[in-house]
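Peer 1: how would this look folded up:
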Amino acid sequence: MERRTSTSPPRDPQFIAEYQRALDGRAIEHLLKVQDLIRSFRNCSSYKALSRASQRDYDRYLTLIENEFGKVPVSKLEEPTTRGMFICWRERFSSSPRKADYIWSVLSALLSHGLNLGLISRNPCLRGGRLYRSTRRDSIWSEVPLQTLKRCCSREIWAAVQLGLWTGQRQKDLLTVTWSQICDGRILFLQSKTRARVAVPIASPLAETLESLPRTCKTILMTGRGTSWTSDGFRSSFRHACEKAGLRNLTFHDLRGTAITRMALAGCTSIQIAAVTGHSIATIGQILSDHYIGDQSALADLAMEKLRESYPNSK
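Peer 2: Residues are numbered from 1 along each chain as shown. Model prediction:
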């Protein structure tokens, strides 16, 4: 009797179910579009871990991405021309370099999500470079502008300046820090942007400022009416104070860079500075070299002085 060889899959129910799931998976992967990937990204843990402000920024740019590429199949992201397509699209925003870079960062985060899900084998937006090149070398709060502002601003604004100068924290975290976050001579911060925890020792100049403030409000910083600041209210009041003092090119955020610069010029290492500000060590180095120190002559003088102290008898 002739044996017939069947080309159909075995009649095993489990095999058939697994085979069907594999076929369904291939079909789903083929049909998935970028808009589906965006929807998945908005539900993932890395997106939900972002602060509300960052989520709003991401949502704005995810909408732009969806409007442009939402109907593109995820499978097309594997093609070699995809990176060029994304770069050309970013160039349309080159008149606003910061916006273009943010869009690229969000796009890269989205595609990394697709990579983590196994939907694509590479992220075509990795190492895309930056269009925006910032320099804040002249944006240091030296003693002259600080004293000028002190003469023109309210006690409440000056307290915020001192807190920023002696902690190196972001405006949002300074406006929300409470008296209960002072413990054993330190101010404990949970940074809203990165969720990093830092414990900043209270230096004597800041201690004097804190002792002069009334504790009638939950937050350390408060308005002249005795209420906590809103971000918009503080921003407006600080801007008016700077205008009154004739200071046009300095911002409150520059106090953070000024604190970093002061610590560096005082001989602090990047590790020590990062322990105060919550930055990564690499970011501290970048801030100092690219933004605030300029020609770094003061740091070079400090380095030579330390070298002389370490080798006093060297000829």
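
Peer 1: from here on, contacts and neighbour counts on C-alpha atoms
Peer 2: Fine.

Peer 1: is it true that C153 touches A241?
Peer 2: Yes - between C153 and A241 there is a contact under Cα atoms under 8 Å: 5.3 Å.

Peer 1: may I ask which helix or strand encompasses L210?
Peer 2: Assigned by DSSP states H and E, L210 falls within helix 204-212.

Peer 1: can you tell me which residues contact K99?
Peer 2: Neighbouring residues of K99 by Cα atoms under 8 Å, 6 or more residues apart in numbering: F93.

Peer 1: for it, which three-state class applies?
Peer 2: helix (DSSP: H, G, I helix; E, B strand; the rest coil).

Peer 1: which intervals of the stretch 51-200 of the chain have sub-threshold pLDDT?
Peer 2: The model of the stretch 51-200 of the chain has pLDDT under 70 over residues 131-138.

Peer 1: which stretches in it count as strands?
Peer 2: Per DSSP state E, counting those that start in this stretch, the stretch 51-200 of the chain carries strands over the ranges 182-183, 186-190, 197-201.

Peer 1: what angle do strand 186-190 and the last one make with each other?
Peer 2: Which is strand 197-201. 160 degrees (axes from the mean of the first three to the mean of the last three Cα atoms, to 10 degrees).

Peer 1: sheet partners, orientation included, of strand 197-201?
Peer 2: Sheet partners assigned to strand 197-201 using DSSP bridges are listed as strand 186-190 (antiparallel).

Peer 1: ok, and what's touching the strand it pairs with?
Peer 2: D173, V177, Q181, I182, A196, R197, V198, A199, V200, P201, I202.

Peer 1: isn't the first one up against Q191?
Peer 2: Meaning D173. Yes - with contacts counted by Cα under 8 Å, D173 reaches Q191, the gap being 6.2 Å.

Peer 1: who's more crowded, those two?
Peer 2: More crowded of D173 and Q191, by other Cα atoms under 10 Å: Q191, with 18 against 15.

Peer 1: list the contacts of the more buried one.
Peer 2: D173, R197, V198, G278.

Peer 1: if we only consider the residues you listed, which is nearest to S40?
Peer 2: When the contacts of Q191 are compared for distance to S40 (Cα to Cα), R197 wins out at 29.6 Å.

Peer 1: contacts only, for that closest one.
Peer 2: Shown in contact with R197 (Cα under 8 Å, 6+ apart): L188, F189, L190, Q191, G278.

Peer 1: what's the farthest-apart pair in these?
Peer 2: Every pair of these checked by Cα to Cα; the farthest is L188 and G278, at 11.6 Å.

Peer 1: and the two? Which one has more around it.
Peer 2: For L188 and G278, the more surrounded residue by other Cα under 10 Å is G278, and the numbers stand at 22 against 19.

Peer 1: please enumerate the helices of the stretch 151-300 of the chain.
Peer 2: Assigned by DSSP state H, counting those that start in this stretch, the stretch 151-300 of the chain shows helices spanning 155-167, 171-176, 204-212, 231-245, 254-265, 270-277, 281-287, 297-310.

Peer 1: using CSV, list the CA coordinates for the first one.
Peer 2: The one in question is helix 155-167. Listed in CSV are the C-alpha atoms of helix 155-167, where the atom choice follows Å, rounded to 0.1, in the frame of the first residue of the first chain:
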residue,chain,number,x,y,z
ARG,A,155,12.7,90.5,50.7
GLU,A,156,10.7,87.6,49.3
ILE,A,157,12.5,87.7,45.9
TRP,A,158,15.9,88.0,47.5
ALA,A,159,15.2,85.0,49.7
ALA,A,160,14.5,83.0,46.6
VAL,A,161,17.7,84.2,45.0
GLN,A,162,19.7,83.2,48.1
LEU,A,163,18.1,79.8,48.2
GLY,A,164,18.8,79.2,44.5
LEU,A,165,22.4,80.5,44.8
TRP,A,166,23.3,78.3,47.9
THR,A,167,21.5,75.1,46.8
